[in-house]
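*Asks:* With the input below, show me the fold.
(one chain, ligands or ions: 1)
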Amino acid sequence: MFLLSFVALTFSYLALAHEPSPLQDFCVADPNSPDFFFSGLHLMGNISNHLGSKVTPVFVTQLPGLNTMGISMVRIDYAPWGLNPPHTHPRATEILTILEGTLQVRFVTSNPDNRFITKVLQKGDVFWGLFISNAMWVMDMLWLLLAFSSQNPGAITIGNAVFGANPAIPADILAKAFQVDKSVVDQLQAKF
Ligand SMILES: *[C@@H]1O[C@H](CO)[C@@H](O)[C@H](O)[C@H]1NC(C)=O
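*Replies:* Numbering: from 1, shown residues only. Modelled structure (predicted):
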């Protein structure tokens, strides 16, 4: 809980960043090959990984025609008890809907409250996320569609950013910030 709060403090200001409104109808990355189409989001992602979840993005990288449009989407698949670890999107707000299954979503509001909010979503429910969210599969198959208010929303996964930074954040700084022994930080840094 402390960790989540700390990171909310560290990163929440980034959520203020956003893209300017588009100045023309479209501005594809390659003007000779306008790209308005992506195929394949009906396909399940590969959830055989330690988190038990898979994000399949359709950002400007996958669909160049989204350039300047300020929107994008992803599909997320979850294995039983799969997890999308705590993270935040520096350039976007997100909205999602459950297409199959049941999902528990969680997030922490910004300072000073850092209120932890949790909600179980069923098929057809719509949820918009802010700050840090994670999610866990709680019943059979689960997949969802999620839209972003950016063609390139970015993601800051808290564990990776704090304990897996490259080069590493000095362990004594993290030990002081999290009020733990440096050996705890060493252990966490080794995981990321
Ligand atoms: C899914 O990912 C696992 C682990 O990376 C890999 O071993 C497996 O071959 C992948 N399966 C498919 C269908 O790509």
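*Asks:* For the chain, just list every one of the strands.
*Replies:* For the chain, the strands defined by DSSP state E occupy 53-58, 72-78, 83-88, 94-100, 103-108, 116-121, 126-129, 132-137, 142-148, 156-157.
*Asks:* what's the burial count for the closest residue to residue 53 other than its chain neighbours?
*Replies:* Leaving out its chain neighbours, the residue that sits closest to residue 53 by C-beta to C-beta, 6 or more residues apart in numbering is residue 82, at 4.1 Å. (Each C-beta comes from the backbone N, C-alpha and C, glycine too.) For residue 82, the neighbour count with other C-beta atoms under 10 Å is 20.
*Asks:* just checking, residue 82 touches residue 45?
*Replies:* No. With contact defined as C-beta atoms under 8 Å, residue 82 does not reach residue 45; the gap is 10.4 Å.
*Asks:* How is the chain partitioned into domains?
*Replies:* Listed domain ranges for the chain are 28-154, 156-192 (source: automatic domain parsing).
*Asks:* could those go into TSV alongside mean pLDDT?
*Replies:* Shown next, in TSV, are the domains of the chain (pLDDT from 0 to 100):
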stretch	mean pLDDT
domain 28-154	86
domain 156-192	96
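*Asks:* Point out the most buried one among those.
*Replies:* Ranked by mean neighbour count, those are led by domain 28-154 with a mean of 16 (mean count of other C-beta atoms under 10 Å).
*Asks:* Got the phi and psi for the closest residue to residue 52 other than its chain neighbours?
*Replies:* Nearest residue to residue 52, sequence neighbours excluded (C-beta to C-beta, 6+ apart): residue 82, at 3.0 Å. With angles defined as degrees, to the nearest 10, residue 82 sits at phi -70, psi 160.
*Asks:* what's the distance between residue 82 and residue 184?
*Replies:* 26 Å (C-beta to C-beta, to the nearest Å).
*Asks:* Kindly report the same for residue 38.
*Replies:* Taking C-beta to C-beta, one finds residue 38 at 43 Å from residue 184.
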